[in-house]
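Asks: would you be able to build a 3D model of this:
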Amino acid sequence: MTFVQDKILKDFKLLFLRRILLLLLVLSMPFYVAAQTIIWQEIFSGDVSAGATSDAGATAWSTYPTSQPLKGTGSFDVQNSRFEGFDLLVNDGGANYMVWESEAISIAAYDPIDISFDVIVTLTGFEPDQDTIRATYEIDGGTEVEFYMEAGTPTAGTKSVGGLTGNTV
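Replies: Numbers count the residues shown, from 1 in each chain. Alright, predicted model coming up:
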């Protein structure tokens, strides 16, 4: 072996050993990755059929009007694997609206938690004085807290609130 070949071989071995030591050092370091745990999720498909207005399954939920029933052409139910509201109620100054409500969900072992839902806008013709999406939560059966409200044409996207603690939401 020539001097140049011997030098290249030694440099290669040294470089290889440094990389192995670096790899071992990296692998021996503890990694703390905050993983997201989903404790309750409704995807409006599978065990929930089109037209459903409630679900008594593992992720129970229900719907109801606050005072008047839906208009004759309206719907507030599962369609196309998502929950949709269309042509819901007569404008009465905001006293009457439709409610989608989940079961009480145990969160004691998961403090803190986040709540989120997705808004998908597929229609036009929303009216600011008649069309409103409002999202609320209650911790341990307490006071209702609003975390999202939008009147008129809603903005599509994920709506969320975080840092919630308690026993149930």
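
Asks: just the helices in this protein please.
Replies: With DSSP state H as the criterion, the chain has helices at 3-28.

Asks: just checking, which helix or strand of it averages the lowest pLDDT?
Replies: Least confident helix or strand, the chain: helix 3-28 with a mean of 40, by mean pLDDT, DSSP states H and E.

Asks: pull the contacting residues for residue 75.
Replies: Listed by CB atoms under 8 Å, 6 or more residues apart in numbering, the contact partners of residue 75 are 84, 85, 86, 87. Every C-beta, even on glycine, is put in place using the N, C-alpha and C of the backbone.

Asks: what about this structure, any weak spots by pLDDT?
Replies: Within the chain, the stretches with pLDDT under 70 are 1-35, 69-72, 89-96, 125, 128-130.

Asks: repeat that for 80
Replies: Within the chain, the ranges that satisfy pLDDT under 80 run 1-36, 46-47, 66-74, 86-97, 111, 122-131.

Asks: which residue ranges form the strands in the protein?
Replies: 54-55, 61-65, 75-79, 82-86, 98-102, 113-119, 132-137, 145-151, 157-164 (DSSP state E).

Asks: note down every partner strand of the longest one and its orientation.
Replies: Sheet partners assigned to strand 157-164 using DSSP bridges are listed as strand 113-119 (antiparallel).
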